[in-house]
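J.: Fold the following and give me the result.
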Amino acid sequence: MKEVVVISGKGGTGKTSLTSSFSFLGGKSLVIGDCDVDADDMHLLLKPDYKESKSFFSGFIAEIDSTKCLNCGICFEKCRFKAISKQEGVFKINGIDCEGCGYCKRICSADAITIKDAEVGSVYKSNIKTGAVMVHARLKPGADNSGKLVAQVKKDARDVANKFGKDLILIDGSPGIGCPVVSSLTGANYVILVTEPTPSGYHDLKRVYEVVKKFKIKAGLIINKSDLNQKIASELEKYANSESINLIGKLSYDEDFSKAITNGITAAEYQEGNIQKEVKKLWETAKKYIYTDKENI
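T.: Now for the predicted structure:
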């Protein structure tokens, strides 16, 4: 089984749009994982049915039992995170601000405070319009532990792949270099880096590739909007060559790319212009690098 993760050093490079296109081109042969749990967008293009869902718990949160509370206000005074407030004469805990440290419970003389597992998000298994299964998740606003949620998505995607005998898992990772990216790279066989020829795009590509190198994972590069700055595009190619990164290909700026998304479809489905052909070419090249032994998916 191969596990391929698509990431970018910064947002806005076209990472998710390209991953969705590759998902469409891969059809039923793939299992899809959306690990961009802080800003999950693949559902907009792949139309999941949310067939299965489960809550995801990580960390802790305090809860006040108003029937036991004496309204002494000690917890309110001592909470260093200012997570406790008084509403209509009753002390309550703001789940977003609470860090689950448990100090309020220790100082509560009425034993009115409990510490419970925090529900920070949801994980879904969906059938998508290609006939494939997509495992995806959503982190609650302000919730932490996105790295752990990514790990859960990847685990569930592997379980699905094993169950249905699929030999390729395609993961849409988060932009940047934070915990979700590190979690998405764990166990991956190949990484597709998506960038654009801008100073920030170049800088952030180098930064995220330093993380990839720590995992000793082979990587390929796609330069999106490559004709916007040909000088930087050339520098990106030289950098890829110097780091032994496969140059999967370049995609010129094309308004049809945006038109497809506006219409709620992937670029691989868009019938007008050349964008469908160009995206398909990138996917075919990527597969050659992913399957170095010339296997077919």
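J.: which residues of the stretch 151-297 of the chain score low on pLDDT?
T.: 293-297 (pLDDT under 70).
J.: would you list every one of the helices in it?
T.: If DSSP state H, counting those that start in this stretch is used as the criterion, the helices of the stretch 151-297 of the chain fall at 179-185, 199-215, 230-242, 255-262, 275-290.
J.: For the last one, enumerate the helices and strands it packs against.
T.: Translated: helix 275-290. strand 2-8, helix 15-26, strand 190-195, strand 218-224, strand 246-251, helix 255-262 (3 or more C-beta pairs under 8 Å, 6 or more residues apart in numbering; DSSP states H and E). Placement of C-beta: from N, CA and C, glycine included.
J.: And the helices of the stretch 151-297 of the chain: which comes nearest Thr13?
T.: Among these, helix 199-215 comes nearest to Thr13, with 6.5 Å by C-beta to C-beta.
J.: could you check the angle strand 218-224 makes with that closest one?
T.: 170 degrees (axes from the mean of the first three to the mean of the last three C-alpha atoms, to 10 degrees).
J.: ok, back up a step: can you add mean neighbour count and distance to Ser183 and give the helices and strands packed on helix 275-290 back as TSV?
T.: Output for those, formatted as TSV (neighbours: other C-beta atoms under 10 Å; distance: least, C-beta to C-beta, whole Å):
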stretch	mean neighbour count	distance to Ser183
strand 2-8	25	10
helix 15-26	25	16
strand 190-195	26	14
strand 218-224	23	17
strand 246-251	20	24
helix 255-262	17	27
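J.: Can you add distance to Thr114 and give those back as CSV?
T.: What follows is these, written out as CSV (distance: least, C-beta to C-beta, whole Å):
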stretch, distance to Thr114
strand 2-8, 39
helix 15-26, 39
strand 190-195, 43
strand 218-224, 47
strand 246-251, 52
helix 255-262, 46
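J.: Do you have the strands of the stretch 1-150 of the chain handy? List them.
T.: 2-8, 30-34, 52-64, 84-87, 90-93, 113-127, 133-139 (DSSP state E, counting those that start in this stretch).
J.: So His203 is in contact with Thr195, correct?
T.: No - with contact defined as C-beta atoms under 8 Å, His203 and Thr195 do not form a contacting pair (9.9 Å).
J.: domain parsing for this structure?
T.: When the chain is parsed with automatic domain parsing, its domains come out as 2-47+128-290, 57-119.
J.: Highest mean neighbour count across the ones you listed, which stretch is it?
T.: domain 2-47+128-290 (a mean of 20; mean count of other C-beta atoms under 10 Å).
J.: Off-centre distance for it?
T.: 9 Å (C-alpha atoms, centre = their mean, to the nearest Å).
J.: May I have the distance across that domain, first residue to last?
T.: End-to-end span of domain 2-47+128-290 (C-alpha to C-alpha, to the nearest Å): 8 Å.
J.: hmm, back to that, in a markdown table: the helices of the stretch 151-297 of the chain, plus distance to Val123.
T.: Below are the helices of the stretch 151-297 of the chain laid out as a markdown table (distance: least, C-beta to C-beta, whole Å):
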| stretch | distance to Val123 |
| --- | --- |
| helix 179-185 | 14 |
| helix 199-215 | 24 |
| helix 230-242 | 35 |
| helix 255-262 | 25 |
| helix 275-290 | 26 |
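J.: Which stretch among the helices and strands packed on helix 275-290 approaches Tyr50 most closely?
T.: helix 15-26 (16.7 Å).
J.: packing partners for that closest one?
T.: Using 3+ C-beta pairs under 8 Å, 6+ apart: helix 15-26 touches strand 2-8, helix 43-46, strand 168-175, helix 275-290.
J.: Which residue, neighbours along the chain excluded, lies closest to the residue nearest to the spatial centre of the chain?
T.: Nearest to the mean C-alpha position of the chain, by C-alpha atoms, centre = their mean, lies Asp36 at 1.5 Å. Nearest in space to Asp36, with sequence neighbours left out and distances taken as C-beta to C-beta, 6 or more residues apart in numbering, is Ser174 at 4.7 Å.
J.: got the contact list for the one you found?
T.: If you count contacts by C-beta atoms under 8 Å, 6 or more residues apart in numbering, Ser174 has them with Ile7, Cys35, Asp36, Val37, Asp38, Ala39, Ser146, Val150, Pro180, Val181, Ser184.
J.: do Ile74 as well
T.: So Ile74 contacts Ile107, Cys108, Ser109 (C-beta under 8 Å, 6+ apart).
J.: before we move on, the earlier item: return the distance of the residue nearest to Asp36 relative to Val4.
T.: 15 Å (C-beta to C-beta, to the nearest Å).
J.: Does Lys259 touch Ala267 like I think?
T.: No - the pair Lys259 / Ala267 is not scored as a contact, 9.0 Å apart, by C-beta under 8 Å.
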